[in-house]
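Student: give me a model of this one.
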Amino acid sequence: MNVTATTAAAEAASSQPQSTPDLGREDFLQLLVTQLRLQDPLEPVKEKDFIAQLAQFGTLEGVNNLSDEIKKLSDLFQTQLLQNAGREAVELIGRRVTVTTENGSVTDVVTGVRWVDGWPQVVVGGEGYGLAQVEEVFLATAAGGEEASYAG
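Tutor: Got it, this is the predicted structure:
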C-alpha cells in the first residue's frame, strides 16, 4: 500500500463522526505509525515528506503545551482576581460607603461580605452589592467624624 492510499484511508476515517472534534497527539502518532507500517517497501516515504510530518507533530505538540500553559495562567489569574476582590471587600467592613442601585444610590455602613457565584458582595443596609457598585468610600477621623471620601 502506498502513502497516497494510506492518506486517503486516514482522511476517509477522519471524515466520519468522532467523539472529539480535533485530532490529538495520540491520533497523529497512530496515523504516522500506521502509515509507516503499511507503506510499500519498494516505494518508501520520501525523506522530506517524513521530516515534514515529524515537523507537524512537533508543532502540534508545541501548540498543545502552549495551550496547557495558557490555561494554567488563566486559572492563576482568575484565582488572584478573586482573592484581591475578596480582600478589598473585607477591608470595607465597618466603613461607610455609597453604592449605586437601580433606584439611585444608598449610603450606609458595610456590615459584612457575602460571596455569590464566587464573587464577593459588600452587605450595605442588608443588601448585597458588587464591588463595581461601590461609588464612594468614607474615611473616618480619629474623633469619629467623616474626614474625606474616595470616589471609585
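Student: in this structure, where's the longest helix?
Tutor: helix 47-91 (DSSP state H).
Student: who are the packing partners of that helix?
Tutor: Contacts defined by 3 or more Cβ pairs under 8 Å, 6 or more residues apart in numbering; DSSP states H and E place helix 47-91 against helix 25-38, strand 104-116, strand 119-124. Using the backbone N, CA and C atoms, a C-beta is placed for each residue, glycine as well.
Student: how about 7 Å then?
Tutor: Under the contact criterion of 3 or more Cβ pairs under 7 Å, 6 or more residues apart in numbering; DSSP states H and E, helix 47-91 touches helix 25-38, strand 119-124.
Student: got the buried residues for whichever helix or strand comes after the shortest one?
Tutor: Same thing as strand 119-124. Using DSSP states H and E, the next helix or strand after strand 119-124 towards the C-terminus is strand 127-130. Buried positions in strand 127-130, judged by neighbour count with 16 or more other Cβ atoms under 10 Å: Gly128, Tyr129.
Student: likewise stretch 119-127?
Tutor: Pro120, Gln121, Val122, Val123, Val124.
Student: so how far is Gly126 from the closest residue to the first one other than its chain neighbours?
Tutor: Translated: Pro120. Using Cβ to Cβ, 6 or more residues apart in numbering and skipping residues adjacent in sequence, the residue nearest Pro120 is Ala89, 3.8 Å away. As judged by Cβ to Cβ, to the nearest Å, Ala89 and Gly126 stand 16 Å apart.
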